[in-house]
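Novice: Could you work out the structure for the sequence below:
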Amino acid sequence: MSSELKNFFDRLKNGDRLTVAYLGGSITWGATASDPLKTSYRALVTRWMEETFPSAHIKSVDAAIGGTPSKLGVFRMDRDVLPFTPDLTFVEFAVNDGADKPVPDTMETMEGILRKLHRANPAMAIVMIIIGSGWDYGSNTRPLHIALAEHYGIAYIDVAGEVMKRVASGLDTKRILTDGCHPSDDGYRLYADIITGVLTEKFRARNDEKAFPAPMTQNRYEHARMIELSTLLPHEGWTPASPSLIGTWFDHQPSRWFSSTISPVTDGSRLAIDLVTGGIGLYYEIVRGGGDIVISSDGEEVLRVSTAMSLHYARVAFSFVLFDNVLRRTIALIAPKKENVKIAYLLCCGS
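Specialist: You can find the predicted model right below:
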């Protein structure tokens, strides 16, 4: 067990005030649970801590957005996790990082999350949760995430592996999944039992010190960051806007995840900023009747984002592209038409 996790358990036993963050996708949020605030694995694990260590005071932070991978998580953790100064952060992206096949840079974006968490607070405990999906159950990203956890000496809980053993022994996944991906209440209870079982073993285990090692990958995401676009105003052609209060689903309600947004007021509105970056992207709302945003680097179009969708209520979305190297660039956002567009954050990475 890592010294950080041992310290966290010691503080639980001492009755300290602690913050636990859950960074992940829809399974961490609790999609298809009868009540995500009570029957998700996130809620059940927090309740286990409260019941096992009744003198402790635990604040739980929900930082889970369905359908989003670690490639967004590595950026948005700056707003959704780190400001809460968690003492323990659970990270779950194995499903969204590759349900069919692993996203090409999933190792790198997951590594970026781990390194950013450690850099923000070396005393923070980190636990990776590895979950599978599918009626036949499995996880393509499981070996990648296990390799990362073992490289860093970070605790991981192999929910996928444990469920796969039960499936091989005759468990019918229709008993624990509602749609082939998201658990029922029985499934969330099984996940929570696996997680708390491993945690019970770990808080009784000895302390293993391990120095934080060098990166496994190119490590282009350790310094990933978001720039809140409203901080660049006033700027001709753009106006502040309020994030939408109604989302397609609760975990996609833009007002939960955006502190502010901006909108173009004329066709061809342009907003430019000079950045040293190795990639560029946008975090924005998608809405019915939305328009396009073009992102250029030194005058060359590198990304075109559509903010349109067919559903009636807003959702959050992101797009990102890596460059070949880290350079100072003039990045421009251009709205060809002043349609129903709300953009929130510019995404960038580099040293």
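Novice: what sits against T85?
Specialist: Taking Cβ atoms under 8 Å, 6 or more residues apart in numbering, we find T85 in contact with T19, N121. C-beta here means a position set from N, CA and C on the backbone, and glycine is covered the same way.
Novice: Mind doing that once more with 10 Å?
Specialist: T19, A21, V61, A120, N121, M124 (Cβ atoms under 10 Å, 6 or more residues apart in numbering).
Novice: Now do it against V61, distance only.
Specialist: Distance of T85 to V61, computed by Cβ to Cβ, to the nearest Å: 10 Å.
Novice: now swap in F250 and tell me
Specialist: Distance from F250 to V61, by Cβ to Cβ: 16 Å.
Novice: Tell me the helix or strand right after the helix or strand containing I280.
Specialist: Assessed by DSSP states H and E, I280 sits inside strand 269-288. On the C-terminal side of strand 269-288, the closest following helix or strand by DSSP H and E is strand 292-297.
Novice: Which neighbouring elements make contact with the next helix or strand after that following strand?
Specialist: Using DSSP H and E, the helix or strand that follows strand 292-297 towards the C-terminus is strand 300-306. Secondary-structure packing of strand 300-306 (3 or more Cβ pairs under 10 Å, 6 or more residues apart in numbering; DSSP states H and E): strand 269-288, strand 292-297, strand 315-335.
Novice: Now for the residue nearest to S310 when sequence neighbours are not counted, how many residues are close by?
Specialist: Setting aside the residues directly before and after it, S310 is nearest to R288 in space (Cβ to Cβ, 6 or more residues apart in numbering), at 6.8 Å. Other residues near R288 come to 12 when the count uses other Cβ atoms under 10 Å.
Novice: Now the residue nearest to the spatial centre of the chain: which helix or strand?
Specialist: By Cα atoms, centre = their mean, the chain has its centre lying nearest to G73, at 3.1 Å. Following DSSP H and E, one finds G73 within helix 70-80.
Novice: Within its sheet, name the partner strands of the helix or strand following that helix and how each one runs.
Specialist: Downstream of helix 70-80, the first helix or strand assigned by DSSP H and E is strand 88-92. Neighbouring strands of strand 88-92 in its sheet, by DSSP bridges, are strand 17-24 (parallel), strand 125-130 (parallel).
Novice: Figure out which of the ones you listed is closest to D298.
Specialist: strand 17-24 (33.8 Å; Cβ to Cβ).
Novice: centre of the chain versus the closest one, how much separation?
Specialist: Mean-position distance between strand 17-24 and its chain equals 13 Å (Cα atoms, centre = their mean, to the nearest Å).
Novice: Might one say that G153 is in contact with M128?
Specialist: No - G153 lies out of contact with M128 (Cβ atoms under 10 Å); the separation is 11.6 Å.
Novice: what about the two, which has more around it?
Specialist: Ranked by neighbour count (other Cβ under 10 Å), G153 and M128 place M128 first, with 23 against 17.
Novice: How are the helices of the stretch 1-150 of the chain distributed by residue range?
Specialist: Using DSSP state H, counting those that start in this stretch, the helices of the stretch 1-150 of the chain run over 3-14, 26-29, 36-39, 41-52, 70-80, 106-120, 142-152.
Novice: Give me the mean pLDDT for the last one.
Specialist: The one in question is helix 142-152. For helix 142-152, the mean per-residue pLDDT is 94.
Novice: Can you list the buried residues in that helix?
Specialist: Of all the residues in helix 142-152, those buried under the rule 16 or more other Cβ atoms under 10 Å are R142, L144, H145, I146, L148, A149, H151, Y152.
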